[in-house]
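Asks: Here is the input, now give the coordinates:
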Amino acid sequence: MSGDRLPIEIEKAAMKAYNGGKLEEAIDAFQAAERAYGESGDDAKVAEMANNRSVALLQANRPEEALQAAIGTSLTFEEHQLPLFAAQAVGNMAAALEALKRFEEARNHYRQCADSLGKLGAVEQQAAALQGLSRVQLQLGQPLPAVAALEAGLEAKSDTGFRTRLLRWLLSIPRRMTGQH
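Replies: Numbers count the residues shown, from 1 in each chain. Below is the predicted model of the structure:
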């Protein structure tokens, strides 16, 4: 696919396919972009394309391949001092592990992701990671930590719509009943 095309052109084609819902085409194009960036020696872009491919694979219901695509990319991002990308890569791994029903590992990855995003001030992304953490805690039979994680995720969201306010209020009931304000 790369031929005479520049890596950025392949990346743009991959994003266009992804945004158009053409997942298989996007997966192939992201992989071609990985190769093209690899040939140019841009490790950070290789890792970015691998993470994009991981997201597309997960959406295509191919979680094992999604996990494999994301493995190691967070370390590459850390080496290149790209902490937001590193946290997102850990989140991608968490989502793949959750889809594979490897809930203990998913919980650890979501927690790491949420902590990193919180330190970076990426509030909306942290909220999504905390919601993922809540889901896996429920799967692990840990309802109280799941409620706490979900509540923290809702608190982090800037959305103050009726549904979010209602959920915040409902989740605060157990805390209020036990005298924890």
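Asks: contacting residues around residue 74?
Replies: 86, 87, 89, 90, 93 (Cβ atoms under 8 Å, 6 or more residues apart in numbering). No exception for glycine: its C-beta is placed from N, CA and C like everyone else's.
Asks: Let's have the residues you listed in JSON lines, adding secondary structure, pLDDT and neighbour count.
Replies: Shown next, in JSON lines, are those (DSSP: H, G, I helix; E, B strand; the rest coil; pLDDT from 0 to 100; neighbours: other Cβ atoms under 10 Å):
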{"residue": "86", "secondary structure": "helix", "pLDDT": "98", "neighbour count": "23"}
{"residue": "87", "secondary structure": "helix", "pLDDT": "97", "neighbour count": "26"}
{"residue": "89", "secondary structure": "helix", "pLDDT": "98", "neighbour count": "28"}
{"residue": "90", "secondary structure": "helix", "pLDDT": "98", "neighbour count": "25"}
{"residue": "93", "secondary structure": "helix", "pLDDT": "98", "neighbour count": "27"}
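Asks: for those, which one is nearest residue 33?
Replies: Using Cβ to Cβ, residue 89 is the member of these that lies nearest residue 33, at 16.2 Å.
Asks: quick one: residue 120 and residue 68, what's the gap?
Replies: To residue 68, residue 120 is 26 Å away according to Cβ to Cβ, to the nearest Å.
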